[in-house]
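Colleague: I'll drop the sequence and a predicted model, then ask my questions.
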Amino acid sequence: MKEKQADSEVQPFSKRGNGNEEKFSYAKIWWIGFGFLGVQLAFTTYNAFLPLMYRAFIESRALIGLLMGTDNLIGLLLIPVVGAWSDRVNSPLGRRLPFVLVALPVAALTFLAIPFASAMLWALILTEILFTTAMHSYRGPVISLMPDHTPPEKRSAANGIINLMGGVGTLIAFGGLSLIYDIDPRLTFGIGAVILLLTLVIVFKKADRHPPYIDNSPVESKNPIREAARGIRVLFRPAYLGQLLVLAAMLSYFIGFAGLDAMFPIYGGETLGLTEGRAAFILTAFAGSFLIFALLAGWIGTRMGKVPTMLLGLAIVPVLFLGAIPVRDPLIISAIFVVAGFAWALVNVQAMPLIADLGGRDRVGFYIGLYYIFTMFGQMIGPFVLGSAMDLMGNHGMFVAGAVVYALGFVLLRAGYKRLGADPEELARTSQLDQFEAEAEEAAGSS
């Protein structure tokens, strides 16, 4: 892989972009961040209240959970296809905005329709499917706008802004829309739909049609489903072992993140003697700490480098988890979670920019699709993995298993980084498409 990448000419973005790299400003990233604010607001509201609507028709909690899981399933199937497709779109609006412009109004309309559809089960299920399909059709492209507008060396700081804006969306959902729900659910979803449309207006007005930090030259259009399948198949070839290990690291530590989020209320109730509500509230120390330190984590990543910063966070979390095992004081657990939230920010704020770097100038959308595949799969199996550890070892197995998967993430990330063949920021300045096509043809010939 090193030899192949050494043959790739590393050009400044302006040679194959639109020549506007000197116009970068963090102000534009704040505006683009409104797109992620809308994503987080909509999904937070959806996750909080749709189970309540299903409860009116379905007694089984397992079946309700299965229906809610269609969100992740649709995302796993759709996001990589849309990402690969957006890398090859050539239009007057550029590569990403056509998806945002088409899918976001559909998402807002179906979001508005959810409380009206809740009168009938079949209508609610259909509306949920349409809503999640629309959301996942623009989620990848709207996230890709950040690396499209940001030079590689500044993407960590820029993603800190994006994460902060997403946190604001979550706060609006929990602190505002949730209170309105008791008055009238139609108001909650109606106001949310209006906010979604406002984010569309802001992103459409502020985003460049042809951003300077991706390749805007014409690319032959391909079948997006076939393109995504080829990309996933090529990922398992020896030349891409580094990229695969980096993605596997993200899957591993997301198992720990999602498992802790789901299992801690049980641990808090049975081991710490807390009510379910107080146990869940302790998790806000983790989430709040992440939100507070997101910008700082981005700045640290810009100074230290993305991977070294992630490795630092991945080294801290297992120590904290193992140290929490004998603790029975909720205040001390909360303090541990505050530090863990900072460590999590060191990891997660750098993750998506790192994956965007691996996509070079012309495969950013596809690689962000891969990021969502691996992290969403980690979130899907995380509660099962940590729950199984609790069954085998007792409740403290949650922290043991969490420490193990974060430590495994450290090992995989370090190994993948060594096998990339070049610094991620150098890869971000190269064309990945020619090498991909060569690997895809070779894989097709050997199959």
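Modeller: Sure, I can see it. Source: prediction; values computed, not measured.

Colleague: how about the helices in the stretch 201-350 of the chain?
Modeller: Remark: helices assigned in the stretch 201-350 of the chain by DSSP state H, counting those that start in this stretch are 224-234, 241-270, 276-304, 306-324, 330-358.

Colleague: quick one, which of these is nearest to residue 35?
Modeller: Among the helices of the stretch 201-350 of the chain, the nearest to residue 35 by CB to CB is helix 330-358 (13.5 Å). Quick note: C-beta positions are derived from backbone N, CA and C, even for glycine.

Colleague: which strands and helices sit next to the closest one?
Modeller: helix 121-149, helix 155-172, helix 241-270, helix 276-304, helix 306-324, helix 364-393, helix 424-427 (3 or more CB pairs under 8 Å, 6 or more residues apart in numbering; DSSP states H and E).

Colleague: quick one: the first one to helix 364-393, angle?
Modeller: I take that to be helix 121-149. Put simply, helix 121-149 runs at 120 degrees to helix 364-393, going by axes from the mean of the first three to the mean of the last three CA atoms, to 10 degrees.

Colleague: mind listing what's buried in helix 121-149?
Modeller: 124, 127-128, 130-149 (16 or more other CB atoms under 10 Å).

Colleague: give the contact list for residue 143.
Modeller: Residues near residue 143 by CB atoms under 8 Å, 6 or more residues apart in numbering: 35-36, 39, 162, 352, 368.

Colleague: try residue 267
Modeller: By CB under 8 Å, 6+ apart, the contact list for residue 267 reads 279, 390, 395, 398.

Colleague: can you report how many residues lie near the third one?
Modeller: Same thing as residue 395. Residue 395: 19 surrounding residues under other CB atoms under 10 Å.

Colleague: that one reaches residue 264, doesn't it?
Modeller: No: Residue 395 lies out of contact with residue 264 (CB atoms under 8 Å); the separation is 10.0 Å.

Colleague: which neighbours do those two share?
Modeller: Counting by CB under 8 Å, 6+ apart, residue 395 and residue 264 have no shared contacts at all.

Colleague: for residue 83, see how far away the residue nearest the centre of the chain is.
Modeller: The centre of the chain sits closest to residue 372, judged by CA atoms, centre = their mean, with a distance of 5.5 Å. Taking CB to CB, to the nearest Å as the measure, residue 372 falls 8 Å from residue 83.

Colleague: cool, residue 415 as well?
Modeller: Look at residue 415 and residue 83: by CB to CB, they are 25 Å apart.

Colleague: show me which of those two is the more surrounded one.
Modeller: The neighbour comparison of residue 415 against residue 83 (other CB under 10 Å) goes to residue 83, with 32 against 15.

Colleague: residues contacting that one?
Modeller: Going by CB under 8 Å, 6+ apart, residue 83 touches 140-141, 144, 228, 365-370.

Colleague: low pLDDT regions in the stretch 151-300 of the chain?
Modeller: Where the stretch 151-300 of the chain drops to pLDDT under 70, the residues are 216-222, 276.

Colleague: if we go to 90?
Modeller: Residue ranges of the stretch 151-300 of the chain with pLDDT under 90: 152-153, 163, 167-168, 170-183, 209-239, 258-266, 268-270, 273-288, 291.

Colleague: filter the contacts of residue 83 down to the buried ones, ChimeraX style.
Modeller: Buried members of the contacts of residue 83, defined by 16+ other CB under 10 Å, are picked up in ChimeraX with:
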select :140,141,144,228,365,366,367,368,369,370
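
Colleague: nearest to residue 77 among the contacts of residue 83?
Modeller: Residue 77 lies nearest to residue 228 out of the contacts of residue 83, by CB to CB, at 9.5 Å.

Colleague: is it true that that closest one touches residue 78?
Modeller: No: look at residue 228 against residue 78 with CB under 8 Å: they stay out of range, at 9.6 Å.

Colleague: just give the closest residue to residue 410, not the sequence neighbours.
Modeller: residue 314 (4.0 Å; CB to CB, 6 or more residues apart in numbering).

Colleague: just the C-alphas of the host helix or strand of residue 188, formatted as CSV.
Modeller: Taking DSSP states H and E as the definition, one finds residue 188 inside helix 185-206. As requested, the backbone C-alpha atoms of helix 185-206 are provided in CSV (Å, rounded to 0.1, in the frame of the first residue of the first chain):
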residue,chain,number,x,y,z
PRO,A,185,-47.7,15.9,20.8
ARG,A,186,-48.6,17.6,17.6
LEU,A,187,-47.0,20.8,18.9
THR,A,188,-43.8,18.9,19.7
PHE,A,189,-43.5,17.4,16.3
GLY,A,190,-44.8,20.5,14.5
ILE,A,191,-42.2,22.8,16.1
GLY,A,192,-39.5,20.1,15.4
ALA,A,193,-40.5,20.0,11.7
VAL,A,194,-40.3,23.8,11.4
ILE,A,195,-36.8,23.7,13.0
LEU,A,196,-35.7,21.0,10.5
LEU,A,197,-36.9,23.2,7.6
LEU,A,198,-35.0,26.2,9.1
THR,A,199,-31.8,24.1,9.2
LEU,A,200,-32.3,23.4,5.5
VAL,A,201,-32.6,27.1,4.7
ILE,A,202,-29.4,27.9,6.7
VAL,A,203,-27.3,25.0,5.3
PHE,A,204,-28.5,25.7,1.7
LYS,A,205,-27.6,29.4,2.0
LYS,A,206,-24.3,29.0,3.7
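
Colleague: in it, what counts as buried?
Modeller: For helix 185-206, a neighbour-count test (16+ other CB under 10 Å) marks 185-186, 188-193, 195-197, 199-200, 202-203, 206 as buried.

Colleague: contacts only, for residue 128.
Modeller: Listed by CB under 8 Å, 6+ apart, the contact set of residue 128 reads 50, 67, 70-71, 114.

Colleague: count of residues packed around residue 280?
Modeller: Neighbour count of residue 280, defined by other CB under 10 Å: 15.

Colleague: among the helices of the stretch 201-350 of the chain, which is nearest residue 88?
Modeller: helix 224-234 (7.1 Å).

Colleague: which strands or helices does that closest one pack on?
Modeller: helix 70-88, helix 364-393, helix 433-446.

Colleague: could you pull out the buried residues of that helix?
Modeller: By 16+ other CB under 10 Å, the buried positions in helix 224-234 come out as 224, 227-228, 230-231, 234.

Colleague: now swap in stretch 325-334 and tell me
Modeller: The neighbour-count check on stretch 325-334 (16+ other CB under 10 Å) flags 330, 333-334 as buried.

Colleague: quick one: residues in contact with it.
Modeller: Stretch 325-334 has contacts (CB under 8 Å, 6+ apart) with 268, 271-272, 274, 278, 282, 285, 324, 336, 396, 399-400.

Colleague: distance of residue 73 relative to residue 54?
Modeller: Separation of residue 73 from residue 54 (CB to CB): 16 Å.
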